[in-house]
Every structure is written in C-alpha cells, then in structure tokens.
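Engineer: Provide a 3D model corresponding to the input given below.
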Amino acid sequence: NSPSTKNKQQSEEGERKPSPQRPRTSQGHKEQQRKKEKEMAVRTEKKLPVLPMEVLDDISCRFFNTIPTEELEEDSHIGSQIEMAHWFYLDHTLKRDPTLPRLGISVFSRVLSRHCPILKHSEFGSNFVTIWNEYKRKIPVCGAILVNPTYEKIILVQSMDSKSPWTFPRGKKNRNE
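Structural biologist: Residues are numbered from 1 along each chain as shown. Purely as a prediction, here's the structure:
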C-alpha cells in the first residue's frame with residue numbers, strides 16, 4: 001500500500017487524517033488567543049449571578065452616572081470607581097439585604113458591566129482584574145501606624161476576601177493627594 005492509499009483507508013475507517021501543519025505567526029496566534037478569550041467570556045457571562053435591578057441602578061447612579069466625561073476616557077478612573085462600587089456593595093448593600101450573593105470583584109465587575117451603559121463598551125467588563133491589578137502595581141502606597149495615647153495598642157487591618165496577614169492600614173494615593 002502506498003501512503004495515500006493508507007490515508008484513504010484510515011479515513012474510511014473513521015480515523016482522522018493528519019492535517020498539514022501551518023507555521024504560526026505571532027499575529028495569528030494573538031487572534032486565536034483573543035477568539036478563545038471571547039468564547040470564554042461568553043460562556044462565563046451566561047453563568048453570572050443576577051442582581052436585582054434596583055441594586056444595579058443604585059450602584060450605577062452612585063458611582064458611574066456622575067463621572068465627568070473627560071474622566072470616562074481614563075481606565076484608571078473607571079477602575080477605581082468599580083473598586084469603590086464593589087466595596088460599597090460588600091459593606092452596605094449586603095448588610096441591607098444579606099440574601100444577595102457575595103461577589104468577588106471580578107464577577108461583580110462583569111455583572112455591573114452588563115447593566116451599566118458606561119461600562120458596557122469598556123474593556124473592564126471581562127478583563128477587569130488583570131487590567132486593574134497591572135495598573136495598581138504602578139501606584140505608590142501610603143500607610144500609617146496608629147497607636148493610642150499610652151502606646152499600648154495599635155490598629156491593624158486584614159483584607160476581607162483573603163487569608164492575608166494583618167498589616168498596618170495603607171492605601172493607594174489618589175490623584176492630587
């Protein structure tokens with residue numbers, strides 16, 4: 001049997017013929033990667049929890065409808081608004097209605113981006129955590145050591161959603177701070 005006859009016999013028996021290998025270009029590889037990411041985002045979007053419309057409207061009004069137009073063009077400002085909206089959701093909204101799901105910032109940003117017109121066209125919807133963490137690593141952090149007048153007690157803080165160690169209070173510097 002010749003090689004072509006062998007391939008014909010294999011395909012008739014239901015086995016797959018080997019496909020010719022194409023050299024990968026970095027552009028083609030990037031396009032494939034983007035396509036996979038979009039497919040994953042679509043699959044993930046279907047599994048997102050549903051929050052009541054009044055909760056989403058409240059958060060949108062408080063944090064996004066009041067942003068000046070020039071600041072909407074800055075990803076850093078949109079990211080900080082998403083982060084503050086998430087904190088508000090955890091600290092206030094869940095206290096008012098404990099039956100709501102406790103969402104991490106990644107899921108929260110995707111749920112919010114489906115609802116909020118300002119965020120619908122932003123890259124932050126599906127890639128928020130990656131983009132935001134890259135940005136935050138570049139911002140200087142300031143902290144404080146707070147002690148009582150007798151120097152017997154200090155204030156320490158711990159992140160809500162992680163098992164991180166206790167640390168002194170600190171935070172990112174805001175613009176003009």
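Engineer: which residue ranges of this structure form helices?
Structural biologist: For the chain, the helices defined by DSSP state H cover 3-12, 26-46, 53-63, 69-72, 75-88, 94-96, 105-115, 117-120, 124-136.
Engineer: state the mean pLDDT of the last one.
Structural biologist: Same thing as helix 124-136. Averaged over helix 124-136, pLDDT sits at 73.
Engineer: just stretch 89-100 next, same as before
Structural biologist: For stretch 89-100, mean pLDDT rounds to 93.
Engineer: give me the buried positions along it.
Structural biologist: For stretch 89-100, a neighbour-count test (16 or more other C-beta atoms under 10 Å) marks 89-90, 93-94 as buried. Quick note: C-beta positions are derived from backbone N, CA and C, even for glycine.
Engineer: check the residues you listed and tell me the two furthest apart.
Structural biologist: Pairwise distances across those peak at 7.6 Å for L90 and T93 (criterion: C-beta to C-beta).
Engineer: now tabulate the buried residues of stretch 89-100 in a markdown table and tack on distance to E70.
Structural biologist: Converted to a markdown table, the buried residues of stretch 89-100 look like this (distance: C-beta to C-beta, whole Å):
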| residue | distance to E70 |
| --- | --- |
| Y89 | 26 |
| L90 | 29 |
| T93 | 29 |
| L94 | 33 |
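Engineer: residues in contact with H86?
Structural biologist: By C-beta atoms under 8 Å, 6 or more residues apart in numbering, H86 lies in contact with 103, 105, 108-109.
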